[in-house]
Structure formats: structure tokens, C-alpha cells
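A.B. asks: Requesting a structural model of the entry that follows:
(one chain, ligands or ions: 1)
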Amino acid sequence: MASVYVTRMLPPEPLDALRRCHAVEINPHDRALTREELLREVRGRDAVITLLTDTIDGPVLDAAGPRCRIFANYAVGFDNFDVDAATARGVILTNTPGVLDEATATHAWALLLSAARRIPETDRFLRSGAWTGWGPLQFLGRDVDRTTLGVAGLGRIGKAFAAKARAFDMRVIYHDLRPSPDFERACGATFVDKATLLRESDFLSLHLPLLPSTRHFIGAAELAAMKPTAVLVNTGRGPLVDEKALVAALRDGVIWGAGLDVFEEEPRLAPGLEALDNVVIVPHTASATFRTRQAMGMTAVDNVLRVLAGDPPLTCVNPAVLR
Ligand code: DGY
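C.D. replies: Just a heads-up that it's a prediction; the model follows:
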């Protein structure tokens, strides 16, 4: 039996599958491990299942030691991994692509619709007891039907998100490193450059990975290039957006609204963000459905079971180590 550490309690089914084969230890706290705890707990393990909040870098890999063959992220994003450091040490890194596309895409739509139709703001208003009755000019929002939807990043989640635009008869434009002719044929989407995406989107949703090249993909200049009636949605990673610039843009009416699942310095929010009524904010819950979180756990566990059995993992992010 190998020794597997799990840095936070996961849904029971994947943990049971892991326990049937290996000795499993789980962080007993209902919080992320501190850096010191992480360095201590990984020591001497054969495999570790990690969260997006665990920074896995050279010191952590060294603390785990030469027995450790895999760090399996319970997330599709893996910007918490120092991929080069792991590859240099021959350690396999995995993520959970595919199983959370629909949940995340649906959540991006929920944020888009909530911001467009001011759902949380009007919910707060009604609960406050301030409503005196129906009024023709109360809480007017933005139409979604037959507008232009912009998608930044046409990976699996971006595609799942864009495909749902059909329900609203929207024109879909997208930007990525390269066009996707198959998707264009299937969904009637059009590839555009970044300037066109910013200028023409009524709703702009971010589905990019966080890389040095995508950090602050949306900053003050990009916000100024958007329509004053536009809504920005981010379910990718917080640092894709310069959050301070977004607070200023929302406050000054540079854009009309935003829906955010992710933040630059989670769990902290940029000063002033929570006071704005024209932003919908939720605590990084885009993949938080029962079915999706269980599937993410099964993917992470399958990767660990395969690697410990001497097989290649299903979803490796540093395939160079397998060669
Ligand atoms: C991920 O998987 O990267 C999300 O941010 C959490 O599900």
C-alpha cells in the first residue's frame, strides 16, 4: 500500500475508491493547509492530491522527497503548480479537464444573466423592505437576446459556454491564439482580434488559463475599449482582470456591469468591489455542483491510482516526464 495525502476533504466516493487500494490521510481541518503544514504533510508520501490553493513548487516537491511520483490537482486550472520544477524532478502533475465544462459554463451564464437583469441587487432591495410597489423605471437591465456575445479563450469551457448562446439567438465572436474552424461551423461563431472582441461585445466572458501572457488580459485600457453598456464575466482566474481597474470602471460607468466568480487575491476582494451594486460576486463556485465535484475527485483519484500502479495518468499536464 502506498501513502497518499489529500490536502482537503473531498466528496466521499472518490476517497472511498482511493482507500480501497492505499493508505490515505486527509487534512482534518476545514481550511486550506498553511505553507508549513503542507511542507510537513507531504513528506515521504507516494502521491498527493492538491487544491488550487496549494502552491506546489520546488520546496514542496523537495519536502515530499524522491518517493513521491504524482501531485494530482483537484482542479482543471494548474497555475498553482511550478510545472518546470516538477518536470525537472520527474514528478507527474495532473488536473481535471473535461468534467467541469458544463457546470462552469452554466455558472458563467448565471453570472451574465444575474448582472444583466440585476438579480442580486433587486433581491437585496426587496428584502430590505424598501419596495413600495411596481414602477415603470425601476431597476431597468440589459437585454440579452440578439446581442453580441464575446468569448475570450475557446478551450473546452469556452466552447461549452458559447454553445449555450443559441438559446438567446446571439451573435458569437471569440478570440484565442488561433481560430477554430470546426467550432465556427458547428456554432456559427466568428474569430476576431482582441480589439474587435472588446469593441463589439455586449457581454464578454473570460475562459483563458492564467499564464504570464494572460495576466491582466483585461486592464484599464481594455475596459475603456469596451462598450459603456457591456457586462464582463470572469469564471477563469482572478488575475486575468486588473481588479482595481475594474472597480474604477464599474464605479465610473466605463462598463455597465460584471459577474465575477474569481478574484485576484482570493479570498480578499479589491477595495470598493463589495460596495458596488453593478457587480455580482460569488466565491469561486463555478464547478460547485454535487455531480461535478464528485467527477473532479474521481479524475484526481484515477490519476493517482494509475500512476501508483505504474500506468500513465489520464490527464497529465507535464507529459515530458512520461517519456
Ligand atoms: C478549476 O478547476 O480550476 C476551478 O477553478 C475550480 O473548480
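
A.B. asks: alpha carbons only for contacts and neighbour counts from here, please
C.D. replies: Noted.

A.B. asks: Contact residues of the stretch 1-150 of the chain facing the ligand?
C.D. replies: For the stretch 1-150 of the chain, the contact set with the ligand under Cα under 6 Å from any ligand atom comprises 75-77.

A.B. asks: want to throw those residues into a markdown table with pLDDT and neighbour count?
C.D. replies: A markdown table is the format used below for those (pLDDT from 0 to 100; neighbours: other Cα atoms under 10 Å):
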| residue | pLDDT | neighbour count |
| --- | --- | --- |
| 75 | 98 | 22 |
| 76 | 98 | 20 |
| 77 | 98 | 19 |
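
A.B. asks: quick one, helices of the stretch 1-150 of the chain?
C.D. replies: Listed in chain order, the helices of the stretch 1-150 of the chain (DSSP state H, counting those that start in this stretch) span 12-19, 35-41, 58-64, 83-88, 101-116, 119-127.

A.B. asks: Can you lay out those as CSV showing mean pLDDT and mean neighbour count?
C.D. replies: Converted to CSV, the helices of the stretch 1-150 of the chain look like this (pLDDT from 0 to 100; neighbours: other Cα under 10 Å):
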stretch, mean pLDDT, mean neighbour count
helix 12-19, 98, 16
helix 35-41, 98, 15
helix 58-64, 98, 18
helix 83-88, 98, 16
helix 101-116, 98, 22
helix 119-127, 98, 13
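
A.B. asks: Tell me which of those approaches residue 134 most closely.
C.D. replies: helix 119-127 (11.4 Å; Cα to Cα).

A.B. asks: and the closest one with helix 101-116, angle?
C.D. replies: Put simply, helix 119-127 runs at 50 degrees to helix 101-116, going by axes from the mean of the first three to the mean of the last three Cα atoms, to 10 degrees.

A.B. asks: Export only the CA atoms of helix 119-127, formatted as CSV.
C.D. replies: The C-alpha trace of helix 119-127 is given here as CSV (Å, rounded to 0.1, in the frame of the first residue of the first chain):
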residue,chain,number,x,y,z
ILE,A,119,-31.0,39.9,-9.8
PRO,A,120,-28.8,40.1,-6.6
GLU,A,121,-29.2,43.9,-6.4
THR,A,122,-33.0,43.7,-6.7
ASP,A,123,-33.2,40.7,-4.3
ARG,A,124,-31.3,42.8,-1.7
PHE,A,125,-33.6,45.7,-2.3
LEU,A,126,-36.8,43.7,-1.9
ARG,A,127,-35.5,42.0,1.3
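
A.B. asks: hmm, back to that, rebuild the helices of the stretch 1-150 of the chain as CSV, extending it with distance to residue 148.
C.D. replies: Shown next, in CSV, are the helices of the stretch 1-150 of the chain (distance: least, Cα to Cα, whole Å):
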stretch, distance to residue 148
helix 12-19, 41
helix 35-41, 44
helix 58-64, 44
helix 83-88, 37
helix 101-116, 13
helix 119-127, 21
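
A.B. asks: Quick one, which of those helices gets closest to residue 317.
C.D. replies: helix 83-88 (7.9 Å).

A.B. asks: list the buried ones in the helix or strand of the chain with the lowest mean pLDDT?
C.D. replies: Least confident helix or strand, the chain: helix 181-187 with a mean of 95, by mean pLDDT, DSSP states H and E. Buried residues in helix 181-187, counting neighbours by 16 or more other Cα atoms under 10 Å, are found at residue 187.

A.B. asks: would you put the C-alpha positions of it in CSV?
C.D. replies: Presented in CSV, the C-alpha positions along helix 181-187 are these (Å, rounded to 0.1, in the frame of the first residue of the first chain):
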residue,chain,number,x,y,z
PRO,A,181,-13.0,26.4,-37.9
ASP,A,182,-14.8,23.3,-36.7
PHE,A,183,-16.4,25.2,-33.9
GLU,A,184,-17.2,28.1,-36.2
ARG,A,185,-19.1,25.7,-38.5
ALA,A,186,-20.9,24.0,-35.6
CYS,A,187,-21.8,27.1,-33.6
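
A.B. asks: any idea which helix or strand comes after it?
C.D. replies: Using DSSP states H and E, the helix or strand that directly follows helix 181-187 along the chain is strand 190-191.

A.B. asks: Who are the packing partners of that next one?
C.D. replies: With contacts defined as 3 or more Cα pairs under 8 Å, 6 or more residues apart in numbering; DSSP states H and E, the packing partners of strand 190-191 are strand 171-175.

A.B. asks: Count the neighbours of the nearest residue to residue 230 once chain neighbours are set aside for me.
C.D. replies: With sequence-adjacent residues excluded and distances taken as Cα to Cα, 6 or more residues apart in numbering, residue 230 is closest to residue 202, at 4.7 Å. Residue 202 is flanked by 24 other residues according to other Cα atoms under 10 Å.

A.B. asks: same check, this time on residue 268
C.D. replies: 8.

A.B. asks: picking up where we left off before, wait, which of the helices of the stretch 1-150 of the chain is closest to residue 302?
C.D. replies: helix 12-19 (8.4 Å).
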